[in-house]
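In: With the sequence up front, the predicted model follows.
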Amino acid sequence: MNVKSLQDNIRVLDQARTPRYKLYTQTEKEILTRTIKLNEEVGELCNDILSVLKLQRKSKLEKFDKRNFYEEFADVIITTFQLANSAGVDVERAIGDKLKKIEKRYHKDH
């Protein structure tokens, strides 16, 4: 099988299995956009982490500025809060509930 026929086969499968839905509301569009943006910011943070660990290729290491590393953490946090706001999530409550769950699990395991 060559790449072209593989791509054609996958296209046929996609057409048969792709869900047919639309994003109707502005909120749904905002949530999707912010989710994608969050993934972009996490990717940029991952690139900087690779640079901090000196695991990037030489050309990227030469351009790396550690101040940008801090900005990428901030971008991830800010974008996460924007997504939470769009989705109607109370971040303080979500973090509090999750910390209780983690603490309970930690005490159970120790």
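Out: Great, that's in hand.
In: So for this structure, the centremost residue is which one?
Out: In the chain, the C-alpha nearest the mean C-alpha coordinate belongs to Asn39, at 2.8 Å (CA atoms, centre = their mean).
In: Can you give me the separation between that residue and Glu30?
Out: Asn39 sits 15 Å away from Glu30, taking CB to CB, to the nearest Å as the criterion. No exception for glycine: its C-beta is placed from N, CA and C like everyone else's.
In: Could you pull up the mean pLDDT of stretch 25-33?
Out: Regarding stretch 25-33, the rounded mean pLDDT is 93.
In: In that stretch, which residues are buried?
Out: Judged by neighbour count (16 or more other CB atoms under 10 Å), stretch 25-33 contains these buried residues: 30-31.
In: ok now that stretch, how far from the chain's centre?
Out: Taking the mean of its C-alpha atoms, stretch 25-33 sits 16 Å from the chain's own mean (CA atoms, centre = their mean, to the nearest Å).
In: which other residues reach that stretch?
Out: Counting contacts by CB atoms under 8 Å, 6 or more residues apart in numbering, the residues outside stretch 25-33 that touch it are 23, 83, 86-87.
In: In PyMOL, how would I select just the buried ones from the residues you listed?
Out: One line in PyMOL is enough to select the buried ones among these; burial here means 16+ other CB under 10 Å:
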select buried, resi 83+86
